[in-house]
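Undergrad: attaching a predicted model along with its sequence, questions to come.
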Amino acid sequence: MKIKTLLTALMATGLAASAAAADTKIEFWTFSMKPKFTPFFESVARNYEAANPGVKIEWIDFPWDVIQTKLVTRIVAGTPPALVNLNVPWADEYARDELLTPIDALLGTSKASYIPSTLEDLRFKGKTYGFPMYSNVAVIAYNQAIFKDAGLTRGPHSFDEQLAFARQIAARTGKAGIAPALSKIDGLFMWQGLAVIKDGKAVFNSAQHVALVQKLAATYKAGGLLKESLFAEDNFPAVVDAYKGGRLGMLLAPPTALKRILNDAKDIYAITSVAPAPLGPTGIADGGWLIHFAIPKGVDAKLLPAVGKFALYLTGDASQLAFAKQASVFPTTVRAAADPYFLALPANAGAAEKAVEAGARSMAHSHTLYVAGIDDYDELRRSLVKAVEAGVTGKQDVQQALDQAVAIWNKKLSKQRLHE
């Protein structure tokens, strides 16, 4: 979404209005939480109102693909909500366009209660723009029968081992070993410590980038990569189906996926074990995706202390722990993340419980990986994915394919710089 374009259009229609008068009403927005989490958010509002007489909490939920338009409209009209659910890429874009309010002064000593990496995700140009609420990380679920047939006894400890194991599985069992989401190759590059853009120019055609794609190509040629939907925008449904069908050795997924396997394929679940996803040379856990509450621009300054107090309650230890248990995600406060619910394995723990424990131990290393500050980024990313697909599938030399994509990117990026 181009926020600047939407802002210009809304201003042209005369929607700008004076800011609403300060009062004790606190309106907060979430996306795609109804109806499953209605009892949770309604109870949060009721409990807070009971403990804070004179404060009225109003909760509104929008579909995820509507909330941005609603938010910009209300900001331009001068009537923004006090708090709004955002992901990190959205927050980065809003912060760059000066549509969010920094919260450093409101955090105060509560800053220490959050896992440091979660606040780092929300720090842009030295200022913090959100109260972390929940995140996720990936784990590796693996089929023990396939591993045994392939001569493997443990989960992989690095990305190189993931690919090596996948090739070994293919060679000894004829089945695919792993199914990376190559439509998100930019995140894979960054996870491996390889920049996508540097000093305003695309740089993903270096020798190191080429070597990584060549490893993928070698694994693809050996049959180690699941070919179904390998380059699709969302290959996850196909990957889960392949794992449930016993056609895939390893599943890289959030812990919630293990419950789907338990429900849909009990025979596969029974022979599934779990390992933490490797951190990679960056020390970052794979699969991080942080959701938080931000304060939009235009919230009355007199209301900010009350908003900050409620935000700290909404994202505090008790609230986060209760929500994380219901949603099967991970909390972002230190105490909640260390709760025995996540870290203590029962004696009869199955793959689902092991996945939660493995993911919880990775949470301190969770970061949201994305490329910031680029207009029409999805269009550029698609050209990168096409280049990687050509290289991985052997249709084109890897270096040549990446060189061509870099040229496309830099032509676009140079035009963007000219118009800034």
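TA: Alright, I've got the coordinates. Values in this document were obtained by computation on a predicted structure and should not be read as measured data.
Undergrad: so for stretch 276-288, what gets flagged as buried?
TA: Across stretch 276-288, burial judged by 16 or more other CB atoms under 10 Å covers 276, 277, 278, 279, 280, 284, 285, 286, 287, 288. C-beta coordinates here come from the backbone N, C-alpha and C atoms, glycine included.
Undergrad: so which of those are in strands?
TA: residue 276 (DSSP state E).
Undergrad: contacts only, for the most centrally placed residue in the chain.
TA: By CA atoms, centre = their mean, the chain has its centre lying nearest to residue 289, at 2.0 Å. By CB atoms under 8 Å, 6 or more residues apart in numbering, the contact list for residue 289 reads 87, 88, 135, 136, 368.
Undergrad: ok, back up a step: need the buried residues of stretch 276-288 in TSV (columns: distance to residue 255).
TA: Listed next are the buried residues of stretch 276-288 as TSV, based on distance: CB to CB, whole Å:
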residue	distance to residue 255
276	11
277	11
278	16
279	17
280	19
284	18
285	12
286	13
287	10
288	13
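Undergrad: in TSV: the buried residues of stretch 276-288, plus distance to residue 53 and pLDDT.
TA: Formatted as TSV, the buried residues of stretch 276-288 follow (distance: CB to CB, whole Å; pLDDT from 0 to 100):
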residue	distance to residue 53	pLDDT
276	46	93
277	47	92
278	51	91
279	47	91
280	50	86
284	44	94
285	42	91
286	46	88
287	42	88
288	39	90
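Undergrad: what ranges do the strands span in the protein?
TA: Using DSSP E, strands in the chain cover 25-31, 56-62, 83-87, 123-124, 127-128, 131-135, 139-143, 197-198, 201-202, 250-253, 272-276, 291-294, 330-331.
Undergrad: winner for burial among the ones you listed?
TA: strand 330-331 (a mean of 29; mean count of other CB atoms under 10 Å).
Undergrad: pull the contacting residues for residue 327.
TA: Counting by CB under 8 Å, 6+ apart, residue 327 touches 37, 134.
Undergrad: repeat for residue 286
TA: By CB under 8 Å, 6+ apart, the neighbours of residue 286 are 137, 138, 191, 252, 277, 278, 279, 280.
Undergrad: distance check, the first one against residue 260.
TA: In other words, residue 137. Distance check for residue 137 against residue 260: by CB to CB, to the nearest Å, it reads 17 Å.
Undergrad: same check, this time on the second one
TA: Note on residue 138: its distance to residue 260, by CB to CB, is 15 Å.
Undergrad: same question, the fifth one
TA: As for residue 277, its distance to residue 260 is 18 Å (criterion: CB to CB).
Undergrad: what residue ranges in the stretch 101-250 of the chain score low on pLDDT?
TA: Along the stretch 101-250 of the chain, the model assigns pLDDT under 70 to no residue.
Undergrad: how about the helices in it?
TA: For the stretch 101-250 of the chain, applying DSSP state H, counting those that start in this stretch gives helices covering 104-107, 116-121, 144-150, 159-173, 185-191, 207-221, 236-244.
Undergrad: got TSV for those helices, with mean neighbour count and distance to residue 315 too?
TA: Below are the helices of the stretch 101-250 of the chain laid out as TSV (neighbours: other CB atoms under 10 Å; distance: least, CB to CB, whole Å):
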stretch	mean neighbour count	distance to residue 315
helix 104-107	15	10
helix 116-121	21	10
helix 144-150	18	38
helix 159-173	20	32
helix 185-191	21	25
helix 207-221	18	36
helix 236-244	19	27
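Undergrad: same list (these) but as a markdown table, adding distance to residue 378.
TA: A markdown table is the format used below for these (distance: least, CB to CB, whole Å):
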| stretch | distance to residue 378 |
| --- | --- |
| helix 104-107 | 31 |
| helix 116-121 | 20 |
| helix 144-150 | 35 |
| helix 159-173 | 25 |
| helix 185-191 | 11 |
| helix 207-221 | 20 |
| helix 236-244 | 18 |
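Undergrad: nearest to residue 59, out of those helices?
TA: Nearest to residue 59, of all these, is helix 104-107, at 19.8 Å by CB to CB.
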